[in-house]
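Enquirer: compute the structure for the input listed below.
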Amino acid sequence: MKFLLISYNDSDGVGQVVLNLNKSLNKKGHKSEMIVLNKTDSNNNYLFKIPRSSIKKIFYYVLEFLKKRYVDLFSFGNTTINYKSIKKYIDRSEVIIIYSLHKFLDFKILSKIMEQNKIVYFRPLDMELATGGCHVNYLYETGVECEKYLSGCNNCPKLNYFNFFNISNSIFKKKKSFMEKYKPKIILENKFTKNFYQKSPITKCATNDFIYLNTRESRKTYIEKTEARKLFNFENKDKILLFGTYNLNAPHKGGRLIEEILKLFVNFSKKNGKAFKNEKIKIVTFGRQQGIQINVPDIEWVHLKEIYNDKKLNALYRSADVFLSPSTGCNGPATIRESIVNDLPVVAFDHGEASEIISNNVNGYLVPNFDKHIFAESIFNILFNKNFQDKNNLQKSLKLRYSSETEANKIITQSIQDINLKK
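Expert: Sure, this is the predicted structure:
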């Protein structure tokens, strides 16, 4: 079969997953190509950067300037490309998997793709496709999830000037109309995301299913903890708390909660007889800092910036004692999967993929949403009350679930079924 994978870039969490699937499909003897707007891997013969219209880019910059918080609002039905720039890739494919809409595909281009008699799957890794435009339905001001997508996304709280035109509701209606006309197949990343899409009036008429994403093989190799720590100059007696994401300040990733949680952890630890005289506690972060600061007495903060090297990231997971994921509105995140397959216990709030991968007192702790006190106590339990149950069987099943071969096989099987139905 001939696959075409469409993603915004090849570098962030989404891009890396798509790149990995692209490689696996080719390795299995299929022809798979990947097109992106931003390309970092210059040596990949199956990866192509799509040229962007200068006029459309200027228009989009103006649009972003007028938005109240444009970083939160991804797809408003705009594009910075022309259909002819991707036509040859569409024409020579049999199965098209669309991961990203942001600045890439507008409704006119999407309609042209749907009318080419190809097998088309949407593979969104966020809320974008099921809402009136937001990538994440999380509100800065209130710290809660916005549910306007359930009733039409009227008067979006993240917009200012454009609420005069109620553009979020306009896009909501266009997406709903598109879904009702084409009734596409949407393959989500987990059960949690599928439930979200089943509830949305936009996507509930589509065929919603899920296939778990892969974790790159080069990010989950076994490394002795002592050897891994040497790479980062961590002492063996150190207690390493790890937190990382593409952008530490992204509100739905929970980076802004880390400092408060760690202060609660220190207070709880001291009440339970730990004064940190024999151990040095370090919070190690990686990703774009974006103004985040962590100042907690008795805890040293080490920031490693962005890590693009898989082996280094693999070693970082293997060097740590616990991964912290205080995400408040993320369907994943990928760092949870990568931590778990590296045998690193995770503390996370009980939603997103954490709810499907973490088993209490086995490979981490699920914390009631969004209880920071229990989160802090769970960190203490992992570091100082190591009485975890046997996790071998669970780990074997999870590592199989998140292998690139498993994802590729499921995508291939699904594609064969749908191609046969078309005949």
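Enquirer: okay, CA-based contacts and neighbour counts for the rest of this
Expert: Will do.
Enquirer: now stretch 191-207 - C-alpha only, CSV.
Expert: What follows is stretch 191-207, C-alpha atoms only, in CSV (Å, rounded to 0.1, in the frame of the first residue of the first chain):
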residue,chain,number,x,y,z
LYS,A,191,-9.9,5.7,25.0
PHE,A,192,-9.9,9.0,26.8
THR,A,193,-9.7,11.0,23.6
LYS,A,194,-12.2,8.8,21.9
ASN,A,195,-14.7,9.6,24.6
PHE,A,196,-14.1,13.3,24.1
TYR,A,197,-14.7,13.0,20.4
GLN,A,198,-17.9,10.9,20.9
LYS,A,199,-19.3,13.7,23.0
SER,A,200,-18.6,16.6,20.6
PRO,A,201,-21.5,17.5,18.4
ILE,A,202,-18.9,18.0,15.6
THR,A,203,-17.4,14.6,15.6
LYS,A,204,-20.0,12.3,17.1
CYS,A,205,-21.3,11.5,13.6
ALA,A,206,-17.9,10.3,12.5
THR,A,207,-16.5,6.8,13.0
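Enquirer: mean confidence (pLDDT) on that stretch, please.
Expert: Averaged across stretch 191-207, the pLDDT comes to 95.
Enquirer: in it, what counts as buried?
Expert: For stretch 191-207, the buried set under the neighbour-count rule, 16 or more other C-alpha atoms under 10 Å, comprises 191-194, 197-198, 200-206.
Enquirer: and those residues as CSV, adding secondary structure?
Expert: As requested, the buried residues of stretch 191-207 are exported to CSV (DSSP: H, G, I helix; E, B strand; the rest coil):
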residue, secondary structure
Lys191, helix
Phe192, helix
Thr193, helix
Lys194, helix
Tyr197, helix
Gln198, helix
Ser200, coil
Pro201, coil
Ile202, coil
Thr203, coil
Lys204, coil
Cys205, coil
Ala206, coil
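Enquirer: okay if I get those as CSV plus distance to Ile382?
Expert: Written out in CSV, the entries for these read as follows (distance: C-alpha to C-alpha, whole Å):
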residue, distance to Ile382
Lys191, 27
Phe192, 26
Thr193, 28
Lys194, 31
Tyr197, 34
Gln198, 36
Ser200, 38
Pro201, 41
Ile202, 42
Thr203, 40
Lys204, 40
Cys205, 43
Ala206, 42
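Enquirer: between the residues you listed, which is nearest Thr40?
Expert: Using C-alpha to C-alpha, Thr193 is the member of the buried residues of stretch 191-207 that sits closest to Thr40, with 28.6 Å.
Enquirer: how about the contacts made by that closest one?
Expert: With contacts defined as C-alpha atoms under 8 Å, 6 or more residues apart in numbering, Thr193 is in contact with 126, 331, 352.
Enquirer: do the same with Ile211
Expert: If a contact means C-alpha under 8 Å, 6+ apart, then Ile211 has 187-190, 407, 410-411 as its contacts.
Enquirer: just Leu21 next, same as before
Expert: Leu21 is in contact with 214, 404, 407-408, counting by C-alpha under 8 Å, 6+ apart.
Enquirer: do Ile6 as well
Expert: The neighbours of Ile6, taking C-alpha under 8 Å, 6+ apart as the test, are 34-36, 96-100.
Enquirer: those residues into a markdown table, with extra columns for neighbour count, distance to Asn342 and secondary structure?
Expert: Formatted as a markdown table, the contacts of Ile6 follow (neighbours: other C-alpha atoms under 10 Å; distance: C-alpha to C-alpha, whole Å; DSSP: H, G, I helix; E, B strand; the rest coil):
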| residue | neighbour count | distance to Asn342 | secondary structure |
| --- | --- | --- | --- |
| Met34 | 26 | 28 | strand |
| Ile35 | 20 | 30 | strand |
| Val36 | 20 | 29 | strand |
| Ile96 | 24 | 32 | strand |
| Ile97 | 21 | 29 | strand |
| Ile98 | 20 | 29 | strand |
| Tyr99 | 21 | 26 | coil |
| Ser100 | 25 | 28 | coil |
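Enquirer: before we move on, back to that, redo the contacts of Leu21 as a markdown table? Include neighbour count.
Expert: Below are the contacts of Leu21 laid out as a markdown table (neighbours: other C-alpha atoms under 10 Å):
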| residue | neighbour count |
| --- | --- |
| Asn214 | 25 |
| Ser404 | 24 |
| Glu407 | 22 |
| Ala408 | 23 |
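Enquirer: which ones among those map onto helices?
Expert: Where the contacts of Leu21 overlap with helices, as defined by DSSP state H, the overlap consists of 404, 407-408.
Enquirer: measure Leu304 to Ile223 for me?
Expert: With distances defined as C-alpha to C-alpha, to the nearest Å, the gap from Leu304 to Ile223 amounts to 19 Å.
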